[in-house]
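Participant: dropping the sequence and predicted coords here.
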Amino acid sequence: MKSYPINTSNNSSCQPCASLSLSLSAPMAETLSSRVTSVKKIAETPGLTTIPSTYTFTFNSHDQVVSDTEEPVPVIDYSLLISNNPHQRSKIVHHLGKACQEWGFFMVINHGVPERLMRSMTDSCREFFDLPEVEKQEYEGKHVLDPIRCGTSFNTSVEKIFSWRDFLKIFVHPVFHSPSKPAGFRENLLEYSKRVREVARELVKGISESLGLEANYIDKALNLEQGLQISIANYYPPCTQPELAMGLPSHSDHDLLTILIQNGVTGLQVQHKGKWVNLNCYPNSFLVNIGDQLEILSNGKYKSVVHRAVVNKEAARISIAMFHGPSLDSVVSPAPELLDREGSAPAYIGIKYKQYLEFQQSNKLDGKSCLDQVRI
Ligand SMILES: O=C(O)CCC(=O)C(=O)O
Ligand SMILES: [Fe+2]
């Protein structure tokens, strides 16, 4: 497959927002935000009643239209996908394909990953975010390919408006990395990422079949044996003015498939038929979304869903998004077999995954714009 150079100029669509009126504690909060490395620290400031203006997003009227789903979010029963019954499998593969095409998003139940492991993982992440700031700062990576990176917002050195979010990103495959603290974190992460990767690879097989390709087609074409798996833990502290802040602005994920769990606190919203929709999931289910690489490979048949995370006043929210991508040196382009069969022209150029990641970092807030750059 051929790879093409792309324009790496920064064309982020983030607009500076007008300052909103702040009350009493604003000056204190402004000072805090200029040197703070975690929003958790700001949120825990005693007496904080208003958020710093650097955290106030401008929502347009379209952004605010949020509904609970009118149609049910697709649910994939994983036990059917791995069953030996060909009839059951073909039914669920069809359902999976429909979910990818109509939503780019679905819930997975009966995935077999133990509930206690999911809970240990969210507990371990909470303990990490509770570490003293200096200990977390040890992992303040700068580059998108740094194997462990802890930080706040997306990239505070270029953003004008910050997100109400701290994060910890860890590369867990093909080489496993982990912070050494807190105790037990490494063991939980190792077991959890291995179990989730197995589920992701089975889902990718089903998705491959749903596109009319061999079950192993995507696995082989994108060398998933050496695939990049990144664990992204997000910490959204309670926010005194949740209606003004954004946990994670609208974006699409750069990978193939993201599998997300949360600590029982909701906040994820996806774009569905032009509206923002709240996602409430079954306890212990996985929330799965299609990423940019699958949109490219499927030549746009499956869309990388645009999503965001909102915050609330009452409870800290923790989400762990496991990103599953191709190997870093894989060139991703629309599957030639698919183009031949459908007699379509490629709608995206081929691009090495590593180059795509670096490109995304140079674009920051607007994940969607990366796809726009590879669209023909
Ligand atoms: O916290 C969430 O629900 C969304 C997280 C997310 O979209 C991401 O980490 O890319
Ligand atoms: Fe995401």
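Facilitator: Looks like it arrived, so ask away. All values derive from a computational prediction rather than experimental measurement. Ligands and ions are numbered 1, 2, ... in the order given.
Participant: all helices of this structure, in order?
Facilitator: Using DSSP state H, the helices of the chain run over 26-35, 39-43, 61-64, 78-81, 86-102, 115-129, 133-137, 185-210, 217-221, 292-297, 336-342, 353-363, 367-374.
Participant: deepest in the core, which of those is it.
Facilitator: When the helices of the chain are scored by mean count of other Cβ atoms under 10 Å, the highest mean neighbour count falls to helix 292-297 (a mean of 26). (C-beta placed from N, C-alpha, C; glycine too.)
Participant: run the chain-centre distance for that one.
Facilitator: Average the C-alpha atoms of helix 292-297, do the same for its chain, and the two points are 15 Å apart (Cα atoms, centre = their mean, to the nearest Å).
Participant: ditto for stretch 321-330
Facilitator: Offset of stretch 321-330 from its chain centre (Cα atoms, centre = their mean): 12 Å.
Participant: try stretch 326-346
Facilitator: Its chain's C-alpha centre and that of stretch 326-346 lie 23 Å apart, by Cα atoms, centre = their mean.
Participant: quick one: residues in contact with it.
Facilitator: 1-3, 174, 211-213, 217, 221-228, 256, 293, 296-301, 347-354, 356-357, 376 (Cβ atoms under 8 Å, 6 or more residues apart in numbering).
Participant: repeat the analysis, applying 6 Å as the threshold.
Facilitator: Stretch 326-346 is contacted from outside by 1, 3, 222-223, 226-228, 293, 296-297, 299, 348, 350, 352-354, using Cβ atoms under 6 Å, 6 or more residues apart in numbering.
Participant: got it, and stretch 284-304?
Facilitator: So stretch 284-304 is contacted by 100, 104-109, 111, 115, 211, 252-256, 258-260, 281, 305, 326, 332, 334-335, 338, 347-348, 371 (Cβ under 6 Å, 6+ apart).
Participant: likewise stretch 260-268?
Facilitator: With contacts defined as Cβ under 6 Å, 6+ apart, stretch 260-268 is touched by 118, 122, 247, 279-280, 287, 309-310, 315, 317-321.
Participant: at 7 Å instead, please
Facilitator: 118, 122, 236, 247, 278-280, 286-287, 307, 309-312, 315, 317-321 (Cβ atoms under 7 Å, 6 or more residues apart in numbering).
Participant: just the buried subset of those residues, please.
Facilitator: 118, 122, 236, 247, 279, 286-287, 307, 309-312, 317-321 (16 or more other Cβ atoms under 10 Å).
Participant: for ligand 1, tell me which of these show up nearby.
Facilitator: Subset of the buried ones among the contacts of stretch 260-268 in contact with ligand 1: His307, Ala309, Ser319, Ala321, counting by Cβ under 6 Å from any ligand atom.
Participant: ok so, going back, is it possible to get a markdown table of the helices of the chain that adds mean pLDDT?
Facilitator: Below are the helices of the chain laid out as a markdown table (pLDDT from 0 to 100):
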| stretch | mean pLDDT |
| --- | --- |
| helix 26-35 | 46 |
| helix 39-43 | 92 |
| helix 61-64 | 63 |
| helix 78-81 | 97 |
| helix 86-102 | 96 |
| helix 115-129 | 98 |
| helix 133-137 | 90 |
| helix 185-210 | 98 |
| helix 217-221 | 97 |
| helix 292-297 | 98 |
| helix 336-342 | 95 |
| helix 353-363 | 85 |
| helix 367-374 | 76 |
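Participant: ok, and the closest non-adjacent residue to Ile318?
Facilitator: Excluding the flanking residues, the one nearest Ile318 by Cβ to Cβ, 6 or more residues apart in numbering is Asn263, at 4.3 Å.
Participant: can you report how many residues lie near that neighbour?
Facilitator: Using other Cβ atoms under 10 Å, Asn263 has 18 other residues around it.
Participant: next, it: phi, psi?
Facilitator: Main-chain dihedrals, Asn263, degrees, to the nearest 10: phi -90, psi 30.
Participant: my guess is Val310 contacts Gly247, does it?
Facilitator: Yes: in this structure, Val310 is within contact of Gly247 by Cβ atoms under 7 Å, at 5.7 Å.
Participant: you'd agree Ala321 is up against Ile232?
Facilitator: Yes: counting by Cβ under 7 Å, Ala321 touches Ile232, with 4.5 Å between them.
Participant: so Val144 sits against Phe359, correct?
Facilitator: No: assessed by Cβ under 7 Å, Val144 is found out of contact with Phe359, at 9.4 Å.
Participant: what is Phe106 paired to in the beta sheet?
Facilitator: Val288 (DSSP bridges).
Participant: let's see the pLDDT reported for it.
Facilitator: For Phe106, the pLDDT comes out at 97.
Participant: hmm, it is touching Tyr78, no?
Facilitator: No: between Phe106 and Tyr78 there is no contact under Cβ under 7 Å: 10.8 Å.
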